[in-house]
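S.K.: Whatever this is, show me its structure:
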Amino acid sequence: MFRYTALIVLPALVWSCCPPSKWEGSEYIALGSTDGKGQGHYTEISQNVTVDTDMRRVFITQQLSMDGQGMEQKILQDYSSGEQYVTTTKDGMEISCMRMPINSIEPGCVPKNHTKIIQSYFGAGSSKVMATMYKFNMGQNVIYATMSDDGCIPLAYEASGATEDGGGYQMTVEFFGITPGIASTSVFQTPKNCPMPRPVVAGLGK
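M.R.: Take a look at the predicted model:
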């Protein structure tokens, strides 16, 4: 069984365009990647996301398919501790839970060192939503984030770059149904009985 964790977007650095500190919504992610051995992979992810930047916590429920293999997960990310709790479920029942380092970017503001690519709108007529596309770099990643001008609500996000294992990726994220505020903070409760994976030591366990 492969292990895959959420890709959370909206990087945090210096204040520029800042989304609400608390929000909920849905995301659809398409991700093409290569691993360190040059093997290609394709992943689709459907997420429901709850974000509280004051608490520095994110909760995700997601369904994903990587190379045709499906999985359901619940993920709590605690950026104050740098750890995330990944619970794998099937038909609503918990199968396993792992505690591990967070491998994604903390939600927050568009960094101040951005470049504005285009200012335009989505929709037409009285239904127009004015928006701006920002470009910026984070490490080895090139990021394009499209945000509404009113409220800095995320609309779309594209990123590409290198991975720690020597591979690379290209990702597209679409946002739907974003609402300010959080229905319940109970989703941020830390799961019980969620151990760290045991390290593999060469020569042991053979």
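
S.K.: pLDDT weak spots in this structure?
M.R.: Low-confidence regions of the chain, defined by pLDDT under 70, span residues 1-15, 197-206.

S.K.: could you point out which element follows whatever helix or strand G32 lives in?
M.R.: If you go by DSSP states H and E, G32 is part of strand 22-34. Past strand 22-34, further along toward the C-terminus, the next helix or strand under DSSP H and E is strand 40-52.

S.K.: From the chain's centroid, how far away is that next one?
M.R.: 6 Å (Cα atoms, centre = their mean, to the nearest Å).

S.K.: what lines up beside the helix or strand following it in the sheet?
M.R.: Once the chain leaves strand 40-52, the next helix or strand it forms, by DSSP H and E, is strand 57-66. Sheet partners assigned to strand 57-66 using DSSP bridges are listed as strand 40-52 (antiparallel), strand 69-78 (antiparallel).

S.K.: In the last one, which of the residues would be classed as buried?
M.R.: By neighbour count, with 16 or more other Cβ atoms under 10 Å as the criterion, the buried positions of strand 69-78 are 71-78. C-beta: built from backbone N, CA, C; applies to glycine.

S.K.: Could you do the longest one as well?
M.R.: Taking 16+ other Cβ under 10 Å as the basis for neighbour counts, the residues of strand 40-52 that come out buried are 43, 45, 47-52.

S.K.: Report the angle between it and strand 22-34.
M.R.: Inter-element angle recorded for strand 40-52 and strand 22-34: 170 degrees (by axes from the mean of the first three to the mean of the last three Cα atoms, to 10 degrees).

S.K.: Tell me if I'm right that Q73 and T87 touch.
M.R.: Yes. Counting by Cβ atoms under 8 Å, T87 is a contact partner of Q73 at 6.5 Å.

S.K.: Show me what the helix or strand containing A145 packs onto, helices and strands only.
M.R.: Assessed by DSSP H and E, A145 sits inside strand 141-148. When contacts are defined as 3 or more Cβ pairs under 8 Å, 6 or more residues apart in numbering; DSSP states H and E, strand 141-148 packs onto strand 129-138, strand 154-162.

S.K.: Just put those in CSV and tack on distance to T115 and mean neighbour count.
M.R.: Listed next are the helices and strands packed on strand 141-148 as CSV, based on distance: least, Cβ to Cβ, whole Å; neighbours: other Cβ atoms under 10 Å:
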stretch, distance to T115, mean neighbour count
strand 129-138, 5, 16
strand 154-162, 14, 18
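
S.K.: out of those, nearest to S96?
M.R.: Of all these, it is strand 154-162 that lies closest to S96, at 28.5 Å by Cβ to Cβ.

S.K.: Export that closest one to PDB, keeping only CA atoms.
M.R.: Presented in PDB, the C-alpha positions along strand 154-162 are these (Å, rounded to 0.1, in the frame of the first residue of the first chain):
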ATOM      1  CA  PRO A 154      -7.800  31.200  -3.700                       C
ATOM      2  CA  LEU A 155      -9.200  30.300  -7.200                       C
ATOM      3  CA  ALA A 156      -6.400  28.300  -8.800                       C
ATOM      4  CA  TYR A 157      -2.800  27.200  -8.200                       C
ATOM      5  CA  GLU A 158      -0.100  25.700 -10.300                       C
ATOM      6  CA  ALA A 159       3.300  24.600  -9.200                       C
ATOM      7  CA  SER A 160       6.300  22.700 -10.600                       C
ATOM      8  CA  GLY A 161       9.700  21.800  -9.300                       C
ATOM      9  CA  ALA A 162      12.000  19.100  -7.800                       C
END
